[in-house]
Every structure is written in C-alpha cells, then in structure tokens.
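In: Kindly return the folded structure for what I paste below:
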Amino acid sequence: MSLFLCAALLLYQGTPARTELLAAAILQGIATGGIMHMTGNAYASRFGTQSFGRVLGLANLFTMMGSFGSLLAGWLFDLTHTYDYVFWLLIAFQLPCAIAMYWLPPPAKVGQDDLL
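Out: Numbers count the residues shown, from 1 in each chain. The predicted model follows:
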C-alpha cells in the first residue's frame, strides 16, 4: 500500500497529463481508501489483542503529527511555488514505512479463547 502511495505521488509531480492524474488517483484510492476501516483489524491480527491499546495509541500519536502536513505543504509551496518538493518529502516519509512493514510480525494465531 505504501508503494502504491509513493507511485501516486510520483505521478503527481510537475504538470501531469489527464491519464497520469487518473492513474495517480486510482493508486492513491487503492492505497488509502479503506485504511481507516481496517486499522483496528490489522493491529489486532498483527500484534494480538493484548497489545491492541498500546499499538493503537502509538499509531495515533504519529497520525496526529501528520496533521501538520498541510501547514508544512502550504509553507513549502509559498517558498518554492511548486508542490513537487512536498511530494518528494511525503515519499521520503512513506518509504521507511514501507520498509518497516516488511518486518512486521506475522498475524497472531487466533485461539479458541479469542473467538468468544
């Protein structure tokens, strides 16, 4: 998913043609469209229900820090008169996430007690 988002950001660079914008929008939609609905399931399956609160709290800390992104994007646009640097910065933040996801632990085994 992170790589799809990076590809979309690359397609947004410069002055993209209509087909590039369409492809970028599709890639961005695939990467981010249903993520909020699935985060709870992903955290529980990857880290177990015992760690759910800690993982959710840590993830929300970084999500809240992302709210400063629009301020940073506007400031960079005012300085450079282009969003290309903003897109490169977002890619620089997204690539370590993609690499870290590779080393996530496998989904936790669901026992009989977890189903109740």
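In: and the longest helix for the chain?
Out: Across the chain, the longest stretch assigned as helix under DSSP state H is helix 84-102.
In: mean confidence for it?
Out: Per-region confidence: helix 84-102 scores 87 on mean pLDDT.
In: mind listing what's buried in it?
Out: Neighbour counts using 16 or more other Cβ atoms under 10 Å place 84, 86-87, 90-91, 94 of helix 84-102 among the buried residues. (Glycine included, C-beta is placed from N, CA and C.)
In: biggest separation within the residues you listed, which pair?
Out: By the measure Cβ to Cβ, Asp84 and Gln94 form the most distant pair in those, at 15.4 Å.
In: Worst mean pLDDT across the helices and strands of the chain, which element?
Out: When the helices and strands of the chain are scored by mean pLDDT, DSSP states H and E, helix 35-47 comes last with a mean of 81.
In: Check which helices and strands the helix or strand just after that one sits against.
Out: Scanning forward in sequence from helix 35-47, with DSSP states H and E defining helices and strands, the next element found is helix 52-65. Using 3 or more Cβ pairs under 8 Å, 6 or more residues apart in numbering; DSSP states H and E, the elements in contact with helix 52-65 are helix 35-47.
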